[in-house]
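1. Take a look and give me a structure for this.
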Amino acid sequence: MPDVPAVSSSQVAAAATSPQPSETPSTGVPRHFRADIQALRAIAVVLVVVYHLRPNRVSGGYIGVDVFFVISGFLITGHLVREAARTGRVRLGAFWAARARRILPASLVALAATIAVTAWVAPVTLFEDLRKQALASLFYVQNWVLAADAVDYSAADNEATAFQHFWSLSVEEQFYVFWPLLVVAALWVVARRTAGRGDERRLRLVLVVFFSIVVAASLAFSIFAVADGQANAYFVTTTRIWELGAGGLLAVIGGRPLRAGWRYLIAYLGLIAIAVSALTLTNESPFPGLAALPVILGTMALIFAGTDHEPDDQVSLSRFDPWTFGSRLRITQWIGDRSYSLYLWHFPVIIIWTMVIDRKVGYLDVIGMLVLSVVLADLSYRFIEQPMRRAAYFRLSTRRSLIGAAISMAIVAAMTFAYPVMAARTAGGGDWDELAATSRAVPELGAAAVSADSIPTFVTTSPAMTPSPLEAKEDRNIAFSADECVADVKDDATPRCQAGPASAEESVVLVGDSHARMYSTALAEMAEDEGWSLTTYLRNACPFSPVMRNREADRETICVGPNADVMEAILADPPDLVITTWSQVATFVDDGSSTVPGAQGFADYWNRLEDAGSDVLVVRDVPRMATEVPDCVAENYDNPDECGLPRDEAIVDSPVLDAAVDLAPRVAVADFTDLFCTAEFCKPVIGSVLAYHDTDHITDTFAVTMIPQLRAEMEEALTRG
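-> Prediction:
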C-alpha cells in the first residue's frame with residue numbers, strides 16, 4: 001500500500017462533534033447564534049483535513065481536535081447549566097437521546113459505507129484489524145483500542161485504518177456520559193428544588209469546584225504521561241478530559257461584556273496561539289501535556305471574547321475587524337455547518353483512495369480526495385444530519401430516540417461480519433494445513449527446500465503455504481512471549497529469558513533488536529533438542545551497541561543505557577557464544593571515530609565479549625521487501641513471486657557492519673541471503689513457507705526451517721574461537 005499522508009496508528013488527528021442547535025433542546029429557550037464559534041469549527045476542521053492531506057503544509061494541524069474539544073465542552077456545559085438553573089434538574093435520558101440524534105445518524109452511515117467499501121477493496125490481511133476498529137468506533141471506545149496498540153510494539157506500526165479518526169469522537173462520547181453526572185452531583189450538593197438566582201449562584205460555585213478538580217487532575221496526568229513518554233498518552237481519555245473541561249469551566253464562569261478594545265486583544269491573542277501551534281508543532285512534539293496549553297487557552301480566549309450578551313450583529317468584536325468579517329463570510333459558515341460531516345468522511349476517503357490507487361499520492365489525488373470529501377460532507381449534512389435532527393418522531397420521544405439508536409448500532413455491528421465472510425472467499429487457496437492431506441508427498445519446506453540451483457516457491461502440486469497470510473502477523477514471538485521477553489524502547493530494563501537446560505555445559509546468548517528476535521524461536525527449539533542453554537536479551541528498535549542511533553539522539557536511556565546493563569550481565573557470566581544482529585538500515589550519531597558512525601561502538605562491544613572468552617556470531621540482515629508481504633501474498637496467492645524484488649533492490653547495504661567487522665576480526669559473520677534470493681531475485685514465499693510477516697521481519701516458521709544453516713554457522717563461529 002502506498003504512503004498515506006500524515007497517517008499513523010500512533011497519532012491520527014480528528015475533529016470532534018459539537019451541537020449546533022439554535023435553541024436549547026430541553027427548554028426551548030432561544031440562544032444567540034455564535035458566528036465566531038461556527039468559524040472556529042471551520043478553522044478546526046480545515047486544519048485537520050489539510051494536516052491529513054499534506055502534513056508538511058501544516059505540521060501541527062492535528063490541534064484542530066483540541067479546538068473542537070474546547071468548543072464541545074463550552075456548548076454542552078452551557079446547555080446543562082441552563083437546564084439545571086431553570087428546572088432544578090438534568091434529564092439525563094433526554095440529554096443522551098439528543099446526543100444520539102445529533103451524532104449517530106451521520107456517523108452510522110459513514111461507518112456502514114466504510115465497512116462496505118473496505119470489505120471489498122482492502123487487503124484481506126487487514127480484515128481482522130478493520131473489524132476490531134469498526135466495532136470500537138461504533139461503540140465509541142476507539143481511543144482505548146488505539147492506546148492499547150500504541151503500547152504494543154507488534155501493533156504500533158500497523159497501517160492506519162479508515163476508522164481511526166473515531167478516537168476523538170470516542171473521547172467526546174465518554175465526556176457526554178461522565179460530564180452530566182457531575183452537574184447532577186452538584187445539584188444534589190446544593191439541594192436544589194426550584195430555580196432561583198441564589199441557587200444558580202451556588203450551583204455555579206459548586207460546578208466551578210467540581211470542574212476545576214477534574215481539569216487540574218487531568219492536566220497534571222497529561223503532563224506526567226507525556227513527560228514519562230507513555231506511548232498511549234495521545235489517545236487516552238484521562239489525558240484529554242481537561243481540554244473539554246476547560247471549555248466547561250468557561251461556560252460556568254461566563255463573563256461580563258467587554259469593551260471592544262479588550263475583545264480585539266483577547267481574540268487576536270487566541271488566534272495567534274492557535275496559528276503558532278499549528279505551524280510549529282509536529283508529530284514528534286510531546287503532546288498533549290503542556291504543548292496543548294496554548295491551543296486550549298487560545299480557543300478559550302476566542303470564545304470568551306464573544307461571551308457578552310449584546311445583540312447578534314455586535315457579538316464577537318466589531319463587525320469591521322478582519323476576524324469578525326472572516327467569521328461571517330458565507331463560505332466560513334458553510335464549512336462550519338458541515339464540519340462534523342467533513343470530519344466523518346475525509347479520513348475514510350483518504351485511506352481508501354490511497355489503498356485503491358496503489359501508488360504514491362500526487363497533487364491531483366489530493367484535489368480528488370478533497371473534492372470527494374466535501375461532496376460527501378454536504379450530502380451527509382443536507383440529507384442525514386439535518387433531517388434526523390428535525391424528525392419529530394424521534395425528537396418528541398426520548399424512548400424512541402434511544403431504542404432507534406440501539407437498533408441502528410446493532411445493524412451496523414452486524415455489517416462487520418462482512419470481513420470474515422469476505423476473508424473466507426478471498427484468502428486464496430488455503431494454507432498448508434488445509435492442503436497437505438490432498439497434496440503429494442511433502443518434501444522439505446522453507447529453507448530446507450533451497451538448493452544451490454533453485455529456490456522453489458511451492459513444493460506441492462497445489463499452491464499452499466504456511467503460515468497463512470491471514471495468520472502471518474501472529475507468527476512471531478512463539479517461544480518467547482513479547483510481553484515478558486521483549487522490551488519496548490520505553491521500558492527501563494531489558495528482560496532476560498531462557499530456554500533449554502539452565503545447567504547445560506554449553507551456553508548461548510541472543511541479544512539485539514527485533515531482527516535478533518526473529519531467530520529466538522528457532523534457537524529455543526535447538527536448545528531444547530540439543531541440550532544447551534539459550535539466554536535472550538531482546539529490545540525492540542535497539543541494536544546492541546554503545547552508540548545512539550540518530551532516531552534517539554540525546555535520549556540515552558532508550559537504548560544505550562539498557563545496552564550497558566545487558567553487557568554487564570553478559571560479562572558477569574560469559575557464554576560460549578553470543579549471537580547478535582539488528583535492522584541494518586539504522587544510522588548512528590557521529591561518535592568521533594574515523595570510521596563509519598556506529599561501527600566503532602559495535603566493534604568495541606564485540607571485542608570485549610571476545611576478550612571475556614565468548615565467541616561472537618553476527619548475522620547479516622535479511623533482504624527487505626517493498627510492500628507488506630502478507631497483504632501482497634493474500635492478493636497474489638497463486639503467484640506470490642509478484643510480491644518479490646530484484647536482488648539488487650532487496651539487499652540491505654551494511655556499511656556499519658562491514659566497517660565493524662574490520663575493527664573486530666575475531667567475530668564470525670553469517671550471511672543467509674542465498675536462502676532468500678537467487679542471483680537475480682528475492683522471494684517472499686520459499687519452499688511453501690511464507691518467509692515474512694511484514695516487509696523485513698521473517699516468520700518464526702521460516703526461521704525454524706533455517707535450523708540446519710543456523711547450526712552450521714554457530715559451529716563455525718565456535719570453531720574459529
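
2. For Val578, list the residues it contacts.
-> The contact partners of Val578, taken as C-beta atoms under 8 Å, 6 or more residues apart in numbering, are Val508, Val509, Val511, Ile570, Leu609, Ser614, Asp615, Val616, Leu617. (C-beta placed from N, C-alpha, C; glycine too.)

3. nope, Glu284 is what I meant
-> Residues counted as contacts of Glu284 (C-beta under 8 Å, 6+ apart): none.

4. Would you mind measuring from it to Ser168?
-> Computed as C-beta to C-beta, to the nearest Å, the Glu284 to Ser168 distance reads 20 Å.

5. next one: Pro708
-> Distance from Pro708 to Ser168, by C-beta to C-beta: 52 Å.

6. Counting neighbours, go ahead and name the busier of these two.
-> Counting neighbours by other C-beta atoms under 10 Å for Pro708 and for Ser168 shows that Ser168 has the greater number, 28 against 11.

7. sorry, back to before: tell me which entries of the contacts of Val578 lie within strands.
-> Using DSSP state E, the subset of the contacts of Val578 located in strands is Val508, Val509, Val511, Asp615, Val616, Leu617.

8. Now render those residues as TSV, adding distance to Glu243 and pLDDT.
-> As requested, those are arranged in TSV below (distance: C-beta to C-beta, whole Å; pLDDT from 0 to 100):
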residue	distance to Glu243	pLDDT
Val508	51	97
Val509	47	97
Val511	43	98
Asp615	56	96
Val616	52	97
Leu617	52	97
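
9. Save those as JSON lines, and put in distance to Phe672 and neighbour count too.
-> JSON lines is the format used below for these (distance: C-beta to C-beta, whole Å; neighbours: other C-beta atoms under 10 Å):
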{"residue": "Val508", "distance to Phe672": "17", "neighbour count": "25"}
{"residue": "Val509", "distance to Phe672": "20", "neighbour count": "25"}
{"residue": "Val511", "distance to Phe672": "18", "neighbour count": "26"}
{"residue": "Asp615", "distance to Phe672": "18", "neighbour count": "23"}
{"residue": "Val616", "distance to Phe672": "17", "neighbour count": "24"}
{"residue": "Leu617", "distance to Phe672": "12", "neighbour count": "23"}
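
10. Check the average confidence over the host helix or strand of Trp96, would you?
-> Taking DSSP states H and E as the definition, Trp96 sits inside helix 92-121. Averaged over helix 92-121, pLDDT sits at 95.

11. Who are the packing partners of it?
-> helix 127-138, helix 166-189, helix 339-357, helix 363-380, helix 386-390, helix 392-395, helix 398-415, helix 418-426 (3 or more C-beta pairs under 8 Å, 6 or more residues apart in numbering; DSSP states H and E).

12. Distance from the chain centre to the fourth one, please.
-> The reference is to helix 363-380. 24 Å (C-alpha atoms, centre = their mean, to the nearest Å).

13. Likewise for the last one?
-> Here the centre of mass of C-alpha atoms in helix 418-426, compared against the chain's by C-alpha atoms, centre = their mean, lies 25 Å away.

14. Over to the fifth one?
-> On the basis of C-alpha atoms, centre = their mean, helix 386-390 is displaced by 33 Å from the centre of the chain it belongs to.

15. how about that helix: buried residues?
-> For helix 386-390, the neighbour count (16 or more other C-beta atoms under 10 Å) marks Met388, Arg389 as buried.

16. on contacts alone, who are the packing partners of it?
-> By 3+ C-beta pairs under 8 Å, 6+ apart, helix 386-390 packs against helix 92-121.

17. now with 10 Å?
-> When contacts are defined as 3 or more C-beta pairs under 10 Å, 6 or more residues apart in numbering; DSSP states H and E, helix 386-390 packs onto helix 92-121, helix 392-395.

18. how about JSON lines for those, with mean neighbour count and distance to Ala377 added?
-> Output for those, formatted as JSON lines (neighbours: other C-beta atoms under 10 Å; distance: least, C-beta to C-beta, whole Å):
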{"stretch": "helix 92-121", "mean neighbour count": "20", "distance to Ala377": "9"}
{"stretch": "helix 392-395", "mean neighbour count": "14", "distance to Ala377": "22"}
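
19. need those helices in a markdown table with distance to Trp179, can you?
-> Formatted as a markdown table, the helices and strands packed on helix 386-390 follow (distance: least, C-beta to C-beta, whole Å):
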| stretch | distance to Trp179 |
| --- | --- |
| helix 92-121 | 10 |
| helix 392-395 | 22 |
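
20. so which of the ones you listed gets nearest Val81?
-> helix 92-121 (12.3 Å; C-beta to C-beta).

21. That closest one to helix 127-138, inter-axis angle?
-> Angle, helix 92-121 to helix 127-138, by axes from the mean of the first three to the mean of the last three C-alpha atoms, to 10 degrees: 160 degrees.

22. gap between helix 92-121 and the chain center?
-> Its chain's C-alpha centre and that of helix 92-121 lie 22 Å apart, by C-alpha atoms, centre = their mean.

23. Same check on stretch 144-152?
-> How far stretch 144-152 lies from its chain's middle: 7 Å, per C-alpha atoms, centre = their mean.

24. Pull out the buried positions in that stretch.
-> Residues of stretch 144-152 classed as buried: Trp144, Val145, Leu146, Ala147, Asp149, Ala150, Asp152 (neighbour count, 16+ other C-beta under 10 Å).

25. Where is pLDDT lowest across the residues you listed?
-> Among the buried residues of stretch 144-152, Asp152 carries the lowest pLDDT, at 53.

26. any idea of the mean pLDDT for stretch 243-252?
-> If you average the pLDDT over stretch 243-252, you get 96.

27. Check stretch 703-716 too.
-> pLDDT averaged over stretch 703-716 gives 95.

28. now the end-to-end length of stretch 633-648.
-> Using C-alpha to C-alpha, to the nearest Å, the end-to-end distance of stretch 633-648 comes to 21 Å.

29. distance between it and the chain's centre?
-> 28 Å.

30. give me the low-pLDDT residue ranges for the protein?
-> Flagging of the chain using pLDDT under 70 yields the residue ranges 1-32, 151-158, 191-198, 255-257, 307-320, 425-443, 552-557, 721.

31. any idea how it splits into domains?
-> According to automatic domain parsing, the chain is divided into the following domains: 35-421, 471-622+650-671+698-720.

32. Save those domains as a markdown table, and put in distance to Ser451 too.
-> Compiled in a markdown table, the domains of the chain are given as follows (distance: least, C-beta to C-beta, whole Å):
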| stretch | distance to Ser451 |
| --- | --- |
| domain 35-421 | 30 |
| domain 471-622+650-671+698-720 | 13 |
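
33. Mind listing residues that contact stretch 418-426?
-> 115-116, 118-120, 122-132, 134, 470, 634-635, 637 (C-beta atoms under 10 Å, 6 or more residues apart in numbering).

34. Recalculate using a threshold of 6 Å.
-> Identification of contacts with stretch 418-426 by C-beta atoms under 6 Å, 6 or more residues apart in numbering yields Ala119, Val124, Phe127, Leu130, Arg131.

35. Ok, which of the helices and strands packed on helix 386-390 comes nearest Ala305?
-> helix 92-121 (26.2 Å).
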